[in-house]
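A.B. asks: Need a 3D model of the following:
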Amino acid sequence: MDRVNIRPGVRGDVSVIHVLLCELEDALGADQSVTRREEDILRYGFGESPRFETLLAWRGDEAVGLALYFQEFSSWRGSPGVYVQDLYVSAKLRGTGLGHKLMQAVFNRAQCWDATYCKLAVYHDNPAAVNFYKRLGFKVSGDECVFLLDRI
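C.D. replies: Numbers count the residues shown, from 1 in each chain. Predicted coordinates:
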């Protein structure tokens, strides 16, 4: 793999973040239910009270990977954690270790707020992602069932 640099996303990266998220959605076969706009990324990721952080992987001047994550807290554990919402590696760099490097970079950032665990969700019909996370040591949690209320 050519040299890849991972750095935090900044306000000027909003368009790049949006494009990488679109590539992820295309890879997952996302339908028209995606309503996110660049303005949403700017507002919620780089506004007065950011709701998430990003890490971007660059090979030269080409963005080739993304991790989008945020802080959470476990009342059972009594400690903060990190929730990885999105992890994306461009098709041409899958299998090179970049996904592992992005996850390690997330863990390093999360240690700044004393995170002791990481949570994420994977679509059932994405066995490559399931196997990737299992190789990293993640286990399927039978303790929880994910629910979604679309509008509040």
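A.B. asks: all contacts plus neighbour counts: C-alpha atoms, from now on.
C.D. replies: Noted.
A.B. asks: For residue 27, give me its contacts.
C.D. replies: With contact set as CA atoms under 8 Å, 6 or more residues apart in numbering, residue 27 has no partners.
A.B. asks: Could you measure from it over to residue 87?
C.D. replies: 12 Å (CA to CA, to the nearest Å).
A.B. asks: Same question for residue 46.
C.D. replies: 19 Å.
A.B. asks: which parts of the lowest-mean-pLDDT helix or strand in the chain are buried?
C.D. replies: Scoring the helices and strands of the chain by mean pLDDT, DSSP states H and E places helix 127-135 at the bottom, with a mean of 93. Of all the residues in helix 127-135, those buried under the rule 16 or more other CA atoms under 10 Å are 130, 133.
A.B. asks: contact partners of it?
C.D. replies: Contacts of helix 127-135 (CA under 8 Å, 6+ apart): 122, 124, 139.
A.B. asks: quick check, distance from it to the centre of its chain.
C.D. replies: 15 Å (CA atoms, centre = their mean, to the nearest Å).
A.B. asks: Using PDB, write down the CA coordinates of it.
C.D. replies: What follows is helix 127-135, C-alpha atoms only, in PDB (Å, rounded to 0.1, in the frame of the first residue of the first chain):
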ATOM      1  CA  PRO A 127     -20.600 -10.600   5.800                       C
ATOM      2  CA  ALA A 128     -17.300  -9.000   4.800                       C
ATOM      3  CA  ALA A 129     -17.800  -6.300   7.500                       C
ATOM      4  CA  VAL A 130     -18.900  -8.900  10.100                       C
ATOM      5  CA  ASN A 131     -15.800 -10.900   9.500                       C
ATOM      6  CA  PHE A 132     -13.600  -7.800   9.500                       C
ATOM      7  CA  TYR A 133     -14.800  -6.700  12.900                       C
ATOM      8  CA  LYS A 134     -14.600 -10.200  14.300                       C
ATOM      9  CA  ARG A 135     -10.900 -10.300  13.200                       C
END
